[in-house]
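Trainee: return a 3D structure for these sequence lines:
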Amino acid sequence: MARVGRLAGALLAETQGEYFLVGDLKEPCEFEKEGFQSPGERNPLEQPYVKLTALRPVELRPPFLQMEVEGQALAQLLTERLVIARNGSVSERIWRMLVQSANGSGAGGVSARWLAEIPLSVWQIVKDNVLKCS
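Mentor: Here you go, the predicted structure:
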């Protein structure tokens, strides 16, 4: 079972012993301190996710999503569902909606199996409405 948490404002996906950074960083990140080799400079609009190399065991901090999709397919799914296309950032509103709606507090693991099952066209309607400024 894959898990998806946060790292410096981006998503950190743990899947089958591999890690992916999805979306743009919103704050400086000392990758080595977090247990990863630095992925170097990247343009998140051109490369929305990158595989990370763990330097030691890494523990995801809650809250995190639990997903059944694994591998690079998970990174692609997260990009489609949670990353804002115009700037490459992860939507805080959507993230809060996902982790808080399932358990009320936003703490611990949250099953998000449905996120992979909902048709992208339907999710896009939800995403557009959540991101809409009113």
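
Trainee: so which residues of the chain form strands?
Mentor: In the chain, the segments counted as strands under DSSP state E are 2-7, 10-15, 18-22, 49-52, 64-67, 109-111.

Trainee: sheet-wise, list the partners of the last one with their directions.
Mentor: Partner strands and pairing direction for strand 109-111 (DSSP bridges) are strand 64-67 (parallel).

Trainee: and the partner strand, how far out from the chain's middle?
Mentor: Offset of strand 64-67 from its chain centre (Cα atoms, centre = their mean, to the nearest Å): 9 Å.

Trainee: likewise stretch 86-94?
Mentor: For stretch 86-94, the distance to the chain centre is 10 Å (Cα atoms, centre = their mean).

Trainee: name the residues of the lowest-mean-pLDDT helix or strand in the chain that are buried.
Mentor: Ranking every helix and strand in the chain by mean pLDDT, DSSP states H and E puts helix 92-103 at the bottom, with a mean of 81. Residues 94-95, 98-99, 102 are the ones in helix 92-103 that count as buried (16 or more other Cβ atoms under 10 Å). Every C-beta, even on glycine, is put in place using the N, C-alpha and C of the backbone.

Trainee: could you do stretch 60-75 as well?
Mentor: 60, 63-65, 67, 69, 74-75.

Trainee: next, the distance between the ends of that stretch.
Mentor: 16 Å (Cα to Cα, to the nearest Å).

Trainee: mind checking the pLDDT average for it?
Mentor: Taken as a whole, stretch 60-75 carries a mean pLDDT of 94.
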